[in-house]
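Undergrad: fold the following.
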Amino acid sequence: MKIIAIGGEPGTGKSSLMKSLMAILGTQTINNTEKLVPYTIIENSKNIIVLGRYDGEGYAQGTDRMSMACQPNVVSFLNNNKFDVVLFEGDRLFNQSFLEHCNKYYDLSIFLLKTNDEIKTQRYEERNSDQNETWLKGRKKKISNICDNMELKWITSLLRNNDMNDQLSNIEFILEKLNES
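TA: Sure thing, here's the model as predicted:
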């Protein structure tokens, strides 16, 4: 099973990139019966799912809307189901322990989005973010730790995501990796 993890600090465009990627991949069937591990099935020639919720408007999407304690449920879900590709983005699963687990048992690719600080600040303001400076510093440190992790750094691709041109290039790059599976 190929797992594609998209991460980055708040405001780097993870949810926007995932929504665009999902639209390109094909028709979606939302399965809301899995309350602990919500996912969306992408109906095309591959057996692809996207973990998280993408059934509403707003910025906090994906795995960010899952339970804080979702990781053991996701591990069990992946162990008991077979998919060609599993995609996810967001804070709940983009952490060292889950990424290390995925790297050990699956074919993991990590895509880490980077955005200029000015653009991130603009995005926070546009969405009326209430994330305080301490919380944002914590997320920055979390991402830094993942980048420094010797087990993960060799499978991590850093992708600039400042504008739509960057996003289109990132989508093309991720699709190439997805098609390698």
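Undergrad: switch to C-alpha atoms for all contacts and neighbour counts from now on
TA: Fine.
Undergrad: can you give the contact residues for the strand or helix carrying residue 169?
TA: Here residue 169 sits within helix 164-179, counting by DSSP states H and E. Contacting residues not belonging to helix 164-179 are listed as 2, 4, 17, 20-21, 85, 159-161 [CA atoms under 8 Å, 6 or more residues apart in numbering].
Undergrad: in helices, which of these appear?
TA: 17, 20-21 (DSSP state H).
Undergrad: put together CSV for those residues, with pLDDT, neighbour count and distance to residue 128 on each row.
TA: Formatted as CSV, the ones in helices among the contacts of helix 164-179 follow (pLDDT from 0 to 100; neighbours: other CA atoms under 10 Å; distance: CA to CA, whole Å):
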residue, pLDDT, neighbour count, distance to residue 128
17, 92, 20, 20
20, 89, 13, 22
21, 90, 19, 25
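Undergrad: of the residues you listed, closest to residue 41?
TA: Nearest to residue 41, judged by CA to CA, of the ones in helices among the contacts of helix 164-179 is residue 21 at 13.0 Å.
Undergrad: run a quick neighbour tally on residue 149.
TA: A count of neighbours around residue 149, defined by other CA atoms under 10 Å, yields 13.
Undergrad: contacts only, for it.
TA: residue 96.
Undergrad: tell me the confidence at it?
TA: Predicted confidence (pLDDT) for residue 149: 88.
Undergrad: can you give me phi and psi for it?
TA: phi -70, psi 120 (degrees, to the nearest 10).
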